[in-house]
Structure formats: C-alpha cells, structure tokens
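In: just need the structure, nothing else, for what follows:
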Amino acid sequence: MKKPIITIERTYGSGGSEIGRIVAEKLGINCYNRQILEMTADRCGFDKEQIESAEETVPTSFLYSLLMTANPNRSLEDNLPLSDKVFIMESKIINELADKEDSFVLVGRCGSYILEEKGCFSVFIYAPQEYRVKRAVEKYGIKENKAESFMKKTDKRRETFFNVNTGKNWLDKDIYCLCLNSELGDELCADLIVKAYNEFNKKS
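Out: Have a look, this model is predicted:
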C-alpha cells in the first residue's frame, strides 16, 4: 500500500521549504516545490516568471468566468484567468506524481486539498513575526526595511489563493495533521515531522 504524501503549507520566512527538503532527505523521497512551477511552465508554454506570478494571484470570480462563456467563439478554458489555468495544470501534475511515486514531500500549492482523496499527511509551518523577518533578511536577501511588508503581502497572497481554491481557511489549524513553530529549528522540525509521519503510517 502506498504511503501518504507529505504536504507542507507555510507562512513566509518560516522556513517551510527548507524543512520540507530536510524531511525528504531523511525519508529518502523527492521534494517538490519550484519543480511543479517549472513543469507547469513547460506544459502551458509560459515563462516561469509568468507562472510564478499567477500562482498566488487571486482567481477571477466564477460568476465572471461563467458570464464570459456567453461568447460562443471562446471555450471555457480560454475564458479562465491565468491563475485558474495554472491551478488546474498544477493539480494535474501533482496527481500524476502521486499516481507514479510511492510518496514525496510537496511544499505549498494547495497540496493538502489536491491530494485529499488520495490521502496525505498535511503540515503547517509557522513562526513568530520577528523570527521570520530575521530569516527573510539573513537567508532570503530581503532588505530589512521592506521585510515585514513583503512578508505580510506574501502571506496574504498565499492565504487568499488557498482559501479561494479550496474553500477552506489556510490558517485553520484543524485542517492539518501537524502544526509546528519553526523557531524550534529546521532540523528538529524535520525530525518531528518524520516521527509523526511514521506514526501516522502505522495507524493508516
């Protein structure tokens, strides 16, 4: 029986991507993050920069898309905004990977929702604001006077994209199997995820 896939949602600057990579190394499985973006860009024929920009853009309302379909010369897919097309394509790619691989770590991209029916071990990584700002400056190269503003904008985009596409609340801890404060340290967080994941597998 296939093992559940580990999905990680994270606030900006909490180190969720780094923690996901360490978890994958410890378990000997793949970690997908920006690779999904690159695969989507290849299939859609857009530049990676365009896909990245669309990933966390608020989708157009369904009502607007429905009204646009009144034009008989355009298909439903033509009428969808790029953000919706990207979400649909990324969902297809993620499901294809889930069918092919025994398990993997997926960072972001509404993974817990996309893989809900296949079963997944969902994790949410967060940290205090001061810790995240410091990390953004020291590890991501964000200017100190802009770090807090950039962090808030990024979190808002991630939250809105998740909420609109899933109908759930990104910040609702009840929808995740495990929530961790990364101020504990990347390595310890990764160890805790691996331990919890292995226990989760025993019960599933």
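
In: which one's the longest helix in this structure?
Out: In the chain, assigned by DSSP state H, the helix with the most residues is helix 144-166.

In: for the helix or strand just after that helix, which strands pair with it and how are they oriented?
Out: Counting by DSSP states H and E, the next helix or strand C-terminal to helix 144-166 is strand 178-181. Neighbouring strands of strand 178-181 in its sheet, by DSSP bridges, are strand 120-126 (parallel).

In: and the angle for the partner strand with helix 144-166?
Out: 150 degrees (axes from the mean of the first three to the mean of the last three CA atoms, to 10 degrees).

In: which residues does strand 120-126 contact?
Out: Strand 120-126 has contacts (CB atoms under 8 Å, 6 or more residues apart in numbering) with 4-11, 14-16, 19, 111-112, 173, 175-182, 189, 193, 196-197, 200. (Glycine included, C-beta is placed from N, CA and C.)

In: mind doing that once more with 7 Å?
Out: 4-11, 14-16, 19, 111-112, 173, 176-182, 189, 193, 197, 200 (CB atoms under 7 Å, 6 or more residues apart in numbering).

In: so which residues of the chain form helices?
Out: For the chain, applying DSSP H gives helices covering 16-27, 34-44, 48-55, 62-68, 76-79, 82-100, 111-114, 129-140, 144-166, 186-203.

In: which positions in the longest one come out as buried?
Out: Buried positions in helix 144-166, judged by neighbour count with 16 or more other CB atoms under 10 Å: 147-148, 150-151, 154-155, 158-159, 161-165.

In: would you turn the residues you listed into JSON lines with distance to Glu96 and pLDDT?
Out: JSON lines is the format used below for the buried residues of helix 144-166 (distance: CB to CB, whole Å; pLDDT from 0 to 100):
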{"residue": "Ala147", "distance to Glu96": "37", "pLDDT": "95"}
{"residue": "Glu148", "distance to Glu96": "38", "pLDDT": "95"}
{"residue": "Phe150", "distance to Glu96": "33", "pLDDT": "94"}
{"residue": "Met151", "distance to Glu96": "33", "pLDDT": "96"}
{"residue": "Thr154", "distance to Glu96": "28", "pLDDT": "93"}
{"residue": "Asp155", "distance to Glu96": "29", "pLDDT": "95"}
{"residue": "Arg158", "distance to Glu96": "24", "pLDDT": "90"}
{"residue": "Glu159", "distance to Glu96": "27", "pLDDT": "93"}
{"residue": "Phe161", "distance to Glu96": "21", "pLDDT": "86"}
{"residue": "Phe162", "distance to Glu96": "21", "pLDDT": "90"}
{"residue": "Asn163", "distance to Glu96": "25", "pLDDT": "91"}
{"residue": "Val164", "distance to Glu96": "23", "pLDDT": "87"}
{"residue": "Asn165", "distance to Glu96": "18", "pLDDT": "86"}
